[in-house]
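Engineer: only geometry, no sequence info:
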DNA sequence: CCACTATATTTGTCACACTAATTATTGTTA
DNA sequence: TAACAATAATTAGTGTGACAAATATAGTGG
């Protein structure tokens, strides 16, 4: 690899990630979904693994704990989730989807899949495999001891 | 492409972009570089194209104008750049590297190249070409009209 | 020249990332 | 059991990103 690349990839990566998020948020706003993209990622994870602790939820979603605390605050304020005492550990809560939260997910899931699909025009399965492999390699290369 | 992918790529992309930035910032902090990763990207662009207006600088760096205003504020406070009147247009400034700014860039450029290189362990030129092509395709697919 | 529109920058607000510090609780070990 | 370290969650502070609105100046068409 020549040196000039080492500066380009971070720019491309950040720029693309930002656009992916911005595009999705724009569509969320147009459709008046009433949540942010990051809030959606939490809801969706809860639909798969119900009643996770905040720490577990943060790990699954790739967020840090302070960020997760605040996202959960916002979701609680919107009555989409609630904090429930964790009987096994009084330091922690489990985050529980409300009925309203489940309904929100079921209502939006189809729309959001379509929004996400838009990125893959002109790309195929092989491209996805490449992207996944390269991104995961970079991710592993940069672990902080 | 099957549907499950359409939700995975955004997670991978954001996660990787975040780690790239976090890793670089961590190394910046360890080395007491005294700037953030985003501030560095502005300085480096100014080293290539001197005295850009804030609007031009924002475009080159892929930042929006309010964000750029604030980053320039921080760089001014650190005496690394200064705002100079644009004789051609009194609405705008040109951002000018101070001597101190130039010295900072020259001092850090080598270290930062090395930090950036770390991401490419176990990857080659072809991987870079794939990544560039795929990210740029996604970027173009998601333009907001 | 005047009104109108467009542009460059700034400010404000909300959301999120990262770090460090704090609080409450748990686990461990002397 | 009492001191100690580890952990879950929170809070605070700074930086950045997106969007909207405000201000000042520039350009344009009548």
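Structural biologist: Arrived safely, thanks for sending. In this text the structure is predicted, and so the values were computed from the model without any measurement.
Engineer: in three-state terms, label residue A:96 for me.
Structural biologist: Secondary structure, DSSP: H, G, I helix; E, B strand; the rest coil: residue A:96 is strand.
Engineer: cross-check the contact I'm expecting between it and residue A:86.
Structural biologist: No. Residue A:96 lies out of contact with residue A:86 (C-beta atoms under 8 Å); the separation is 10.6 Å. Just so you know, the C-beta spots here come from the backbone N, C-alpha and C atoms, and that holds for glycine as well.
Engineer: strands of chain A, residue ranges please.
Structural biologist: A:52-53, A:81-85, A:93-97 (DSSP state E).
Engineer: any residue of the last one up close to DNA strand D?
Structural biologist: Yes. Strand A:93-97 reaches DNA strand D (C-beta under 7 Å from any atom of the strand) through residue A:93.
Engineer: got a list of contacts for that strand?
Structural biologist: A:42-43, A:46-47, A:50-54, A:57, A:72, A:80-86, A:105 (C-beta atoms under 8 Å, 6 or more residues apart in numbering or on different chains).
Engineer: report the longest helix in chain A, please.
Structural biologist: The residue-count maximum for a helix in chain A (DSSP state H) belongs to helix A:3-30.
Engineer: any buried residues in that helix, and which?
Structural biologist: Neighbour-count burial for helix A:3-30, with 16 or more other C-beta atoms under 10 Å in any protein chain shown as criterion, is recorded at A:5-6, A:9-10, A:12-21, A:23-25, A:27-28.
Engineer: angle of that helix against helix B:3-30?
Structural biologist: If you take axes from the mean of the first three to the mean of the last three C-alpha atoms, to 10 degrees, helix A:3-30 sits at 120 degrees to helix B:3-30.
Engineer: what helices and strands are in contact with helix A:3-30?
Structural biologist: With contacts taken as 3 or more C-beta pairs under 8 Å, 6 or more residues apart in numbering or on different chains; DSSP states H and E, helix A:3-30 sits against helix A:37-48, helix A:99-117, helix B:3-30, helix B:99-117, helix B:125-141.
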